[in-house]
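# next one to model:
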Amino acid sequence: QVQLVESGGGLVQTGGSLRLSCAASGSIFSINAMGWYRQAPGKQRELVATITRAASTNYADSVKGRFTISRDNAKNTVYLQMDSLKPEDAAVYYCSAEVFRSRAHYYANNNLHAWGQGTLVTVSS
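Next comes the predicted model:
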């Protein structure tokens, strides 16, 4: 079993900042890519940012220059620093991780795509 637990969501005013955290635990040998996605009411889940184990990052155009993704491999944790928040950033934010549960899974390139339960970000105008 692998669990991802997010924290750090909340209510913030337009222009404000929040920092989300997501810690992975359970049967983990190694974690490949980690990422953040979001889903606003009535919309599909969309990619926000991803980061590889080597810290190569990718961002949605809508958040470039405002959000920063980072990770601590020793803690199996990924972060999302969100600055200059806009009302359109309001959504439930989900973290994801590509988890290798054992050495055998790692060498077979057999990873589990795990998801957190989501944390709500509300941006008031």
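# alpha carbons only for contacts and neighbour counts from here, please
OK.
# may I ask which helix or strand of the chain has the lowest mean pLDDT?
Least confident helix or strand, the chain: helix 103-107 with a mean of 93, by mean pLDDT, DSSP states H and E.
# ok, then the element right after that one?
strand 112-115 (DSSP states H and E).
# just checking: what are the partner strands of that following strand?
Using DSSP bridges, strand 112-115 pairs in its sheet with strand 91-100 (antiparallel).
# may I see the buried residues of the partner strand?
For strand 91-100, a neighbour-count test (16 or more other Cα atoms under 10 Å) marks 91-100 as buried.
# which one of these is nearest N32?
E98 (5.2 Å; Cα to Cα).
# and stretch 41-57, end to end?
27 Å (Cα to Cα, to the nearest Å).
# flag every buried residue along that stretch.
Within stretch 41-57, the residues that count as buried by 16+ other Cα under 10 Å are 47-52, 57.
# show the average pLDDT along it.
Across stretch 41-57, pLDDT averages out at 97.
# what is T122 paired to in the beta sheet?
Counting by DSSP bridges, the residues bridging with T122 are L11.
# tell me which residue of this protein is furthest from the middle?
A104 (25.9 Å; Cα atoms, centre = their mean).
# ok, now which ones touch that residue?
For A104, the contact set (Cα atoms under 8 Å, 6 or more residues apart in numbering) is empty.
# still on that earlier bit, could you dump the buried residues of stretch 41-57 to a markdown table with distance to D83 and secondary structure?
Shown next, in a markdown table, are the buried residues of stretch 41-57 (distance: Cα to Cα, whole Å; DSSP: H, G, I helix; E, B strand; the rest coil):
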| residue | distance to D83 | secondary structure |
| --- | --- | --- |
| L47 | 17 | strand |
| V48 | 13 | strand |
| A49 | 14 | strand |
| T50 | 17 | strand |
| I51 | 18 | strand |
| T52 | 22 | coil |
| T57 | 17 | strand |
